[in-house]
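1. Predicted coordinates and the sequence they were generated for:
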Amino acid sequence: MSSTPHTIAPGEHAADHGYAHHPSGIMRWITTTNHKDIGTMYLWFSFTMFIVGGLMAMTIRAELFKPGLQIVNPEFFNSLTTLHGLIMIFGALMPGAVGFANWMIPMQIGAPDMAFGRLNNWSFWLLPPAALLLILSLFVPSGAAAGGWTLYPPLTVQAGMGMDLTIFAIHIMGASSIMGSINIITTILNLRAPGMTLMKMPMFCWAWLITAYLLLAVMPVLAGAVTMLLTDRHFGTSFFNAAGGGDPVLFQHVFWFFGHPEVYIIILPAFGIISEIIPTFSRKPLFGYASMVYALSAIAILSFLVWSHHMFTTGLPTAGILFFMYATMLIAVPTGVKVFNWLATMWKGAISLEAPMLFALGFLFLFTLGGFTGLVLAIQPIDVQFQDTYYVVAHFHYVMVAGTLFAFFGGIYYWLPKWTGHMYDEKLARIHFWLSFIFFNITFFPMHFLGLAGMPRRIPDYAQQFADWNMIVSIGAFGFGLSNLVFLYAVVKCIRGGEKAPAKPWEGGSTLEWTLPSPAPYHTFETPPVVQ
Amino acid sequence: MTMIHSRHRSPADAAHLRAVNLRTAAILVAIALVFFAGIIVSHYLGGAAAGISVLAIAIVLYLVVAIGRNVGSGK
């Protein structure tokens, strides 16, 4: 695709609309309705939560460094595993994806901003108090929620005040997500530049459009589930309370009805980022654009039909087991379409291995590995053996960390020149990649062996036979944690200065954001471009 | 992607766009509210298995229509 440079100088037209001057200092960030400011805040919030959740993971791994109890007591350990999951999913990964959406969707579709600026501001500013509630729940007298991030009753019906704070936090974060998804859908459907049909949209925008629909469908279901949990705890209802005639297993059905699409809510934006990076650094258009869109849609629809594969040990009827087993395996088909299309995009391309491409390749290799172990877990007789073992922990970390997080790292390096106006330090970024890749595998690959040997998850102590691999896993985890300091240094260094980035730092970049100067002006595309 | 400059958006365009945005948002909010209330009401009425099945079918249909419609029209 060829592009005509579209140069809107900083501030051009803005004075006409009376918003050329925005507040400075802290008020800029509190009152901003600018998608770039809000995207920046989402990304920094996500990184902060990533550090908080990561410190919890470090504490967990320090406790598991050798058998026996050494650092934390078992109750606190359970709170740490619970909060680590909740913070990483709701505080780090989801807001991170929304940060990318805020920054890139308007610039990729030629829109001046998101459709609802004030709603966008609200969506973000709901998050810090929610995160604070989650973290503060550690300090209430009865301790934080400790029943796992899945919040299964009866533990969560019986738990103390920390559980109420967790439920409240989930409500707030859910509201934020729903508001964000409404904004994204409206922006993409109504604010695209003239000539940009849906089937001409960049794949990142497609991935986010489908993700936003998923969010809109499942976040209210989670909100409903935790509301019922709350009324069971405080208002005498018995939705899930067996003592009053309720059914705790029903909660699992409702939770996973949200929880499985949630996996795709986290991974689809990552697919979108990868679909931008691979064509750029292969200097070829994305192979099979339409099939990629259909594959994304198929993954989204199938994600609603597989929730009970998380519940194979709860005593489902045989027909149900077979249905959920085969439906789960079916997801491998559209996912395979995407993987093969990425490979076909690279085939005979003029590939260069800058940091974003390295992370994309890391993603491709490791996410596929995580997908394969997912297929293993989809087989019910095997899943019964692996349920709640470290094999499951290894599987979902390959999908969530090597999948989503690697895509985020790649996306940050890819768009950092556009965001900051400076090129990042390529050497530092490559060091970051290799440290991440090596330590990630040292951390999570041996977990497969631990799971196969039968080590259960969410325990602070374990049998002597698991000691060696656990020590290796902990060393890998500390290394992986420290590698993120390299990332932080590389990003801060890029923000503070460095080689000036041209408007289009990547030769293969073909989407609208590369027609804007670097850094992208505060207001962009006030005059809508016409895409031909 | 070839691109040319277009004209400014006029106040009339802006008002129309705002109305369209609000209509889209209102539909999306209604969907979210139906899902939120639907899951609670289905459990409250006791037909939870039937309720969740109906909701699942509704969501799948909604996704098929919402995504399929846009893909099919090629807008």
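-> Thanks, I have it.

2. Tell me who's in contact with the residue nearest in space to the middle of chain A.
-> Central residue of chain A (CA atoms, centre = their mean): A:L93, 3.2 Å from the mean position. By CB atoms under 8 Å, 6 or more residues apart in numbering or on different chains, the residues touching A:L93 are A:S46, A:I266, A:M400, A:T404, A:L405, A:F408. For glycine as for every other residue, the C-beta is placed from the backbone atoms N, C-alpha and C.

3. rerun at 6 Å
-> The contact partners of A:L93, by CB atoms under 6 Å, 6 or more residues apart in numbering or on different chains, come to A:I266, A:T404.

4. ok, now how distant is the residue lying closest to A:F204 once chain neighbours are set aside from A:C205?
-> Using CB to CB, 6 or more residues apart in numbering or on different chains and skipping the chain neighbours, the partner closest in space to A:F204 is A:G272 (3.7 Å). As judged by CB to CB, to the nearest Å, A:G272 and A:C205 stand 7 Å apart.

5. and these two? which has more neighbours close in?
-> A:G272 (30 against 24; other CB atoms under 10 Å in any protein chain shown).

6. Wait, a helix at that one?
-> Yes: assessed by DSSP: H, G, I helix; E, B strand; the rest coil, A:G272 belongs to a helix.

7. same for the helix or strand where A:V393 lies, what does it pack against?
-> Here A:V393 sits within helix A:390-399, counting by DSSP states H and E. Where contact means 3 or more CB pairs under 6 Å, 6 or more residues apart in numbering or on different chains; DSSP states H and E, helix A:390-399 is packed against helix A:355-378, helix A:426-452.

8. out of the ones you listed, deepest packed?
-> helix A:355-378 (a mean of 21; mean count of other CB atoms under 10 Å in any protein chain shown).

9. Any buried residues in the first helix or strand past it going along the chain, and which?
-> Counting by DSSP H and E, the next helix or strand C-terminal to helix A:355-378 is helix A:380-386. Across helix A:380-386, burial judged by 16 or more other CB atoms under 10 Å in any protein chain shown covers A:Q380, A:D383, A:F386.

10. What is the nearest of those residues to A:H260?
-> A:D383 (13.9 Å; CB to CB).

11. isn't there a helix covering the residue nearest to the centre of chain A?
-> Yes: counting by three-state DSSP, one finds A:L93 located in a helix.

12. Just the pLDDT at it, thanks.
-> For A:L93, the pLDDT comes out at 96.

13. avg pLDDT for the helix holding A:V393?
-> pLDDT averaged over helix A:390-399 gives 96.

14. Off-centre distance for that helix?
-> 15 Å (CA atoms, centre = their mean, to the nearest Å).

15. after it comes which helix or strand?
-> Following helix A:390-399 toward the C-terminus (DSSP H and E): helix A:406-420.

16. what angle do that next one and helix A:426-452 make?
-> 160 degrees (axes from the mean of the first three to the mean of the last three CA atoms, to 10 degrees).

17. Helix A:406-420: how far from the chain's middle?
-> 15 Å.

18. Just want the angle from that helix to helix A:355-378.
-> Using the same axes, to 10 degrees: helix A:406-420 against helix A:355-378 is 150 degrees.

19. and helix A:406-420, what other elements does it pack with?
-> helix A:248-282, helix A:355-378, helix A:467-496.

20. how does it look with 10 Å?
-> helix A:35-63, helix A:94-109, helix A:248-282, helix A:355-378, helix A:426-452, helix A:467-496 (3 or more CB pairs under 10 Å, 6 or more residues apart in numbering or on different chains; DSSP states H and E).

21. could you check the angle helix A:406-420 makes with the shortest one?
-> With the same axes, to 10 degrees defining the directions, helix A:94-109 sits at 50 degrees from helix A:406-420.

22. Next: the first one.
-> For helix A:35-63 and helix A:406-420, the angle between their directions (the same axes, to 10 degrees) works out to 140 degrees.
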